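Trainee: how would this look folded up:
(chains A, B, C and D)
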Number of protein chains: 2
Amino acid sequence: MSDVRSLTPTEMAAWRAVIESSQRLLTQLEDDLRETSELSFADYHVLVLLSEAPRQRLRMGELANKLIFSPSRLTYHVGTMEKRGLVARQPCPDDRRGSEAVLTEAGLSALREAAPHHLRSVRRHFVDALDDAELAELNTIFTRLGERLIAARAQSR
Amino acid sequence: MSDVRSLTPTEMAAWRAVIESSQRLLTQLEDDLRETSELSFADYHVLVLLSEAPRQRLRMGELANKLIFSPSRLTYHVGTMEKRGLVARQPCPDDRRGSEAVLTEAGLSALREAAPHHLRSVRRHFVDALDDAELAELNTIFTRLGERLIAARAQSR
DNA sequence: ACTTAGTTGTTCGAATTTGAAAGACCTAGT
DNA sequence: ACTAGGTCTTTCAAATTCGAACAACTAAGT
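Mentor: Presented below is the predicted three-dimensional model:
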């Protein structure tokens, strides 16, 4: 049926494998995380990013960029995490438009508790399937892809 | 802050790059597709899968597996596409529990119209950033990952 | 100071996605 | 034939996500 080429079979196969498997990977990690903790993948990601930030806090906008979340999605999501006590929200000191999300004690505990399980899951479904050269290669390739995507997005504004 | 290791820096970097960039990739492709057509990425994917299937039809369950959609999500999504005339739904001849989604003329047209734009987008944001060896490598790696994930899922049932 | 344009984060209604039933049907063993 | 135990898809309500519009503020030029 489909005579829609413009991509070679090799290119198409690689493209599809990446899309499909990364989707499966996310789904599996999400499931594992929910089974061993009270956190979603997004929750976990928020906690990690905050824990790594100076003073364990990030501007909403910055957090949204890192998570690749729309602004409204982040507002909502941080709201749910705030209700659960995992993060707090504070007005930004030097810019009165902004606010920042701050990691709480409870949030840090939740992260510390979930991390071993989550990392085990990452290992099982990702790292263990790859050798060192492949890991290095993936890092190179996806870092490059990410940079190009960020550049492209900046372009089209 | 985070002393949560258990993954080496190399492993962690690769993992993060893959997750983040594949997310960015999806988002960009989705945006491009919406700009040049009336289709979402999921719509497009449905149309491709149907167009490739024998007699341009697939059981709902099979389609859900290929798309990595939950059953209820697929029901809803096919519903919206049906309203737009892109697909039709028919009872399954040999299994009265089931139904199948069928590609319509309009669906095929929509796919043919969207494909060049979409493929150009895939090329720009993915293929063009990679050389042949990398593409082959990605195909190998992600095919393997996908197989493992399917196996793991079958396990845990 | 005074516009004017751009940012930042939130809000709101609509669209989508989830997960737990439920309904209808198939399959195997009796 | 007749269950008992699956399977396939849909339904429903609740949770999430999107996108446009908004309010508050900042930045830059005049």
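
Trainee: for the rest of this, base every contact and every neighbour count on C-alpha atoms.
Mentor: Fine.

Trainee: residue numbers of chain A in contact with DNA strand C?
Mentor: A:59-62, A:71-72, A:74-76, A:97-100 (Cα under 7 Å from any atom of the strand).

Trainee: quick check: the gap between the residue of chain A found nearest DNA strand C and residue A:97.
Mentor: Using Cα to the nearest atom of the strand, the single residue of chain A nearest to DNA strand C is residue A:61, 3.0 Å away. According to Cα to Cα, to the nearest Å, residue A:61 and residue A:97 sit 11 Å apart.

Trainee: what about the two, which has more around it?
Mentor: residue A:61 (18 against 8; other Cα atoms under 10 Å in any protein chain shown).

Trainee: the inter-axis angle of the longest helix belonging to chain A versus helix B:9-36?
Mentor: Assignment by DSSP state H gives helix A:9-36 as the longest helix of chain A. Between the axis of helix A:9-36 and that of helix B:9-36 there is an angle of 110 degrees, by axes from the mean of the first three to the mean of the last three Cα atoms, to 10 degrees.

Trainee: what's next to stretch A:105-125, contact-wise?
Mentor: If you take Cα atoms under 8 Å, 6 or more residues apart in numbering or on different chains as the criterion, stretch A:105-125 is touched by A:25, A:29, A:32-33, A:36-37, A:39, A:44, A:47-48, A:51, A:85-87, B:4, B:6-7, B:145, B:148-149.

Trainee: got the phi and psi for residue A:104?
Mentor: For residue A:104, the backbone dihedrals (degrees, to the nearest 10) come out as phi -100, psi 170.

Trainee: find the nearest non-adjacent residue to it, please.
Mentor: residue A:87 (5.1 Å; Cα to Cα, 6 or more residues apart in numbering or on different chains).

Trainee: what about that neighbour, how many residues close to it?
Mentor: Count around residue A:87 with other Cα under 10 Å applied: 26.

Trainee: what of residue A:65?
Mentor: Residues near residue A:65, counting by other Cα under 10 Å, number 12.

Trainee: what does residue A:88 give?
Mentor: Neighbours of residue A:88 using other Cα under 10 Å come to 18.

Trainee: average model confidence for the helix or strand hosting it?
Mentor: Taking DSSP states H and E as the criterion, residue A:88 maps to strand A:87-91. Mean pLDDT, computed over strand A:87-91, is 97.

Trainee: elements contacting it?
Mentor: helix A:71-83, strand A:99-103 (3 or more Cα pairs under 8 Å, 6 or more residues apart in numbering or on different chains; DSSP states H and E).

Trainee: got the angle between the first one and strand A:87-91?
Mentor: Orientation note: helix A:71-83 sits at an angle of 120 degrees relative to strand A:87-91 (the same axes, to 10 degrees).

Trainee: quick check, helix A:71-83 touching DNA strand D?
Mentor: Yes - counting by Cα under 7 Å from any atom of the strand, DNA strand D is contacted by helix A:71-83 at A:72-73, A:76-77, A:80.
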